[in-house]
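Visitor: Turn this into a structure:
(2 chains)
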Amino acid sequence: MSQRDLFGLMWANLKRMRARVTLTALGVVIGTAAVVLLISLAIGLQTSAEAQLGGFGDLTTIEVFAGGGMMSIGPGMAASSSGGTDGVKLDRAAIEAFRKMAHVVAVSPKGNLSGQMQIEFNRETYFPGATGLEPDVAPKLGWRLAAGRASIGRGQIVIGQKVLANDFGPVSFGPGGGGSAYGPTPAPTPRPEDLVGKALNAELVKYDDEGTEITRRERLRVAGVFESSGGQEDYSLYMGLDDVDTFNRWFSTERRNARDGYDNVVVKVDERTEVRDVQKGIEDLGFSTFSAAQILESINRTFIIMQVVLGGIGAIALLVAAFGIANTMTMAIYERTREIGVMKAIGATNRDVLKVFLAEAGAIGAIGGVAGVTLALILAQVIELFLRAMMAANAQGSGEPLNLLITPVWLALFAIVFAILVGLMSGIYPALRAANLRPVQALRSD
Amino acid sequence: MAASTDETPVLALTDIRRDFRMGRLLVRALRGVTMDVLPGEFLVVMGPSGCGKSTLLTLIGGLDRPTAGSIVTSGDEDITRGDETALAEYRRRWIGFIFQSYNLIPTMTARQNVEFPLVFAGIGRAARRARAEALLKRVGLGDRMTHRPIELSGGQQQRVAIARALANAPAIVLGDEPTGNLDTRSGQEIMDLLLELNRAGTTLIVVTHDARLCTYAHRVVRMEDGVVLGVDAGGRADEPRRSVPIEGDTRDVGVTAAAVRGHSIRRRRSFTTAEA
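Guide: Alright, predicted model coming up:
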């Protein structure tokens, strides 16, 4: 029997039991729509959660900390502090070891400024975090420049895109701006190319044992400005590791010898998918690590669980529909027993009969699946419109377009395929029964 | 008597037994039937109800399996030994069925009903349609191609069923009381049609109560209580049997089925002869 004949036969049979097929398919429609809507909801929530968390920054870098790890960002989130051994030093040897690992493309120590530094620009005062880097490592880490150069000489800085941006840095209560009810109008963010070459006044502050403030002034020349990575890097400025050491030594009350290890090392990996393995390798050496990829992964894991749970709730409706299909097909076999006998008498094999009934069951699933996805898409639009109307009524114009329900193409296709599978599965038992009917008995039935 | 012993029978039945278990009761429907079906003959099986004649027909038709005994085709194949698929293949290639209650598919037109066996034989649409139309014309229903069974009289439905039975150019056509549901006149017409087919070379086995059919037969097998009482000469005992020899084994019938596609069939040549 050719595919085309099978399809024709299936179609004729479905048409003949039109009413029952419609009712049975309705069950599948509801089930499929429920699965699609609930998973769309989970995806929508995940997307808005990701958006709220902002950029995750570079997903191919791993931050490594000396053993005994201090990173712990809430439950379930990244930063394995396990396995930290106090004896392990984050020194040159460790860096060399990281460098030799597969998929590692760059390694750089990072030093954090341990004291307070303020920077003045355009009569505004900023308190950016400062990080020490090796002079030429930035391009290797994949950081791109918006302007200037990436290599950081002594007394020079390269700044993150957001250091001078108003949403973070400036502490300004000056009377200057034409203030609105919410406060003074913030100064406009300077353009990167305007900053390059400028020397900024920096002030380091520390307190002695009696609590007297001691300040140290520095002139720092802007060598370049990084492009925004969307992550925390944007809010830091970068100076040479040596400068950071110098300043830290000044901050430190007790005399310290030259460093015997770094606070922090950043490891760049070639592929996002390799991050996990590299991170594991580093942790096995006794260091603590942190990566945006890992956080993202755990967030995603949470949402995947949510998708599965919500999808599973929807699938219950589909399960009920599956019994409906099985019932309809079983009834069809009772009604068509004699016909099955005829088919066999004129030369249909058991396999032919099986195919005919499976095709019918699968088709009920397919019809229900397509209609269900269509229904879900329509409902999603309606819900969206409704929510938007509500939001418009509550808070005027505040709020970017909200997408509570997101239905990706794969979900729609998956739902249809799943509905077909449900149909086929429910059809297996009735179809096998039909196929294995004894022809004499089938012909004798009324 | 027609049966000359040196002729290869289309089917050779040896000591066929069929027991049915009904609860604790064992019913012996057939208690050792041995007979040959000769090429081109019109064989009538007669007997009172419950004598086992219908059971015999279902066994010959491959719809059921005997409890014991063998049914060997002229292709030297014992159909009681094959699996379900082999049996389905045998039914498709060797047998055409005509039932008392026609058993047409109610949702299909006359032509679709005749085409149906060709669907399972994997024959293409155009060839199928041409063949179905030729057969329907052959049984006198050229103007009823697109009618559904409900729109046809009993006699007409049985004609469609006969056309369907011939679709795969089978070696043997089996009729189970083909005139049983028909009035005298329609019954007569069907008998005449069967006679015509037989004269054109179709081997026929008809199970019936209807004594009138004996006049059309070469041989009449009388059955009672699951055994053959005797074989009588039918009304056409002396008329030569016209048949196209079935050579080779079962697979050779496959050639026939394949030939349906090309519209030139050995066995079908007989229709053409009759048509001409």
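
Visitor: quick one: the strands in chain B?
Guide: Listed in chain order, the strands of chain B (DSSP state E) span B:11-22, B:25-37, B:42-46, B:68-73, B:95-98, B:172-176, B:203-208, B:219-224, B:227-233.

Visitor: Packing partners of the shortest one?
Guide: So that's strand B:95-98. helix B:154-166, strand B:172-176 (3 or more Cβ pairs under 8 Å, 6 or more residues apart in numbering or on different chains; DSSP states H and E). C-betas here are computed from N, CA, C, even on glycine.

Visitor: Columns distance to chain A on top of those, output as TSV?
Guide: Output for these, formatted as TSV (distance: least, Cβ to the nearest Cβ, whole Å):
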stretch	distance to chain A
helix B:154-166	7
strand B:172-176	9
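
Visitor: Could you export the strands of chain B to CSV, including columns for mean neighbour count and mean pLDDT?
Guide: Output for the strands of chain B, formatted as CSV (neighbours: other Cβ atoms under 10 Å in any protein chain shown; pLDDT from 0 to 100):
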stretch, mean neighbour count, mean pLDDT
strand B:11-22, 16, 94
strand B:25-37, 17, 94
strand B:42-46, 26, 95
strand B:68-73, 18, 94
strand B:95-98, 27, 95
strand B:172-176, 24, 95
strand B:203-208, 26, 95
strand B:219-224, 21, 95
strand B:227-233, 15, 94
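
Visitor: and these as CSV, adding distance to A:Ala12?
Guide: CSV is the format used below for the strands of chain B (distance: least, Cβ to Cβ, whole Å):
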stretch, distance to A:Ala12
strand B:11-22, 35
strand B:25-37, 36
strand B:42-46, 36
strand B:68-73, 34
strand B:95-98, 22
strand B:172-176, 27
strand B:203-208, 32
strand B:219-224, 40
strand B:227-233, 43
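
Visitor: Run a quick neighbour tally on the residue of the stretch 1-150 of chain B found nearest chain A.
Guide: Closest residue of the stretch 1-150 of chain B to chain A, Cβ to the nearest Cβ: B:Arg92 (2.6 Å). Using other Cβ atoms under 10 Å in any protein chain shown, B:Arg92 has 27 neighbouring residues.

Visitor: mind listing what it touches?
Guide: A:346-347, B:117, B:120-121, B:168, B:257 (Cβ atoms under 8 Å, 6 or more residues apart in numbering or on different chains).

Visitor: nearest spatial neighbour of it, skipping sequence neighbours?
Guide: A:Gly347 (2.6 Å; Cβ to Cβ, 6 or more residues apart in numbering or on different chains).

Visitor: how near is the one you found to A:Thr60?
Guide: Distance from A:Gly347 to A:Thr60, counting by Cβ to Cβ, to the nearest Å: 64 Å.

Visitor: between these two, which one's more packed in?
Guide: In this view A:Gly347 and A:Thr60 are compared by other Cβ under 10 Å, and A:Gly347 has more residues nearby, 28 against 22.

Visitor: Just the helices from chain A, written as ranges.
Guide: Using DSSP state H, the helices of chain A run over A:3-16, A:18-52, A:92-100, A:192-195, A:241-251, A:275-284, A:292-335, A:337-345, A:350-394, A:409-435, A:439-444.

Visitor: measure the closest residue to B:Gly47 other than its chain neighbours to chain A for me?
Guide: Among residues not flanking B:Gly47 along the chain, B:Met223 sits closest, at 3.7 Å (Cβ to Cβ, 6+ apart). Relative to chain A, B:Met223 is positioned 18 Å away (Cβ to the nearest Cβ, to the nearest Å).

Visitor: So stretch A:331-342, near chain B or not?
Guide: Yes. Using Cβ under 8 Å from any Cβ of the partner chain, stretch A:331-342 comes into contact with chain B via A:338-339, A:341-342.

Visitor: who are the neighbours in contact with residue 27?
Guide: Reading this off chain A. Contacts of A:Gly27 (Cβ under 8 Å, 6+ apart): A:317, A:320-321, A:324-325, A:368.

Visitor: My question was about chain B, not that one.
Guide: Each residue near B:Val27 by Cβ under 8 Å, 6+ apart is listed here: B:19-21.

Visitor: Get me the contact residues on the stretch 101-250 of chain B for chain A.
Guide: By Cβ under 8 Å from any Cβ, the residues of the stretch 101-250 of chain B that approach chain A are B:103, B:105, B:107-108, B:116-117, B:119-122, B:125, B:164, B:167-168.

Visitor: How is chain A divided into domains?
Guide: As recorded under automatic domain parsing, the domains making up chain A are A:3-54+A:298-444, A:61-291.

Visitor: Point me to the residue of chain A nearest chain B.
Guide: Proximity of chain A to chain B (Cβ to the nearest Cβ) peaks at A:Gly347, 2.6 Å away.

Visitor: Find the nearest non-adjacent residue to A:Glu193, please.
Guide: A:Ala147 (4.5 Å).

Visitor: correct me, but the one you found touches A:Ala223?
Guide: No. Between A:Ala147 and A:Ala223 there is no contact under Cβ atoms under 8 Å: 9.8 Å.

Visitor: Touching both of these two, which residues are there?
Guide: In contact with both A:Ala147 and A:Ala223: A:Val196, using Cβ under 8 Å, 6+ apart.

Visitor: Which of those two has more residues huddled nearby?
Guide: Set A:Ala147 next to A:Ala223 and count neighbours by other Cβ under 10 Å: A:Ala223 wins out with 25 against 18.

Visitor: got a list of what that one touches?
Guide: Neighbouring residues of A:Ala223 by Cβ under 8 Å, 6+ apart: A:148-153, A:156-158, A:196.
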